[in-house]
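>>> Okay, sequence plus prediction incoming.
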Amino acid sequence: MTIHLPTEVETSIEAVVQSGRFSTVDDAMTDAARLLLRTITHEQPRPQPPLLGSMRDAVDDRDEIVREAMKRRRERAWQTIPVA
């Protein structure tokens, strides 16, 4: 496997190896990959936004959202732009 890293990342990894923390760049990258995989597998799944088509089926929810938005708009009369 060949990877390409930004210069500053590559330089930082090489410095860590030179400090004696790892024997080789391969050892450092193996540790980094394991940490990444561990983080990904323990990460909570991100909630997906509802699909636009799903709102078509949720008529009651959509109507409630519109009612609430209109109510808030009326409460904020100072934001209303005068119409001629």
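Received it, and whenever you're ready, just let me know what you need. Numbering: from 1, shown residues only.
>>> Residue 22 touches residue 28, doesn't it?
Yes: in this structure, residue 22 is within contact of residue 28 by C-beta atoms under 8 Å, at 4.1 Å. From N, CA and C alone the C-beta is placed, and that goes for glycine too.
>>> Give me the below-cutoff pLDDT ranges for this protein.
Within the chain, the ranges that satisfy pLDDT under 70 run 48-57, 77-84.
>>> Let me see the ranges of the helices in it.
7-18, 25-42, 52-57, 59-75 (DSSP state H).
>>> Ok, which of those comes nearest residue 1?
Closest to residue 1 of those is helix 25-42 (C-beta to C-beta; 9.5 Å).
>>> Ignoring the adjacent residues along the chain, who's closest to residue 25?
Nearest non-adjacent residue to residue 25, counting by C-beta to C-beta, 6 or more residues apart in numbering: residue 17, 5.5 Å away.
>>> Give me the neighbour count for that neighbour.
Neighbour count for residue 17, taken as other C-beta atoms under 10 Å: 17.
>>> Was I right to think it contacts residue 29?
No: contact criterion C-beta under 8 Å: residue 17 and residue 29 do not qualify, at 9.8 Å.
>>> how about the spatially most central residue of the chain, phi and psi?
For the chain, the residue nearest the mean C-alpha position is residue 46 (7.9 Å; C-alpha atoms, centre = their mean). Main-chain dihedrals, residue 46, degrees, to the nearest 10: phi -80, psi 130.
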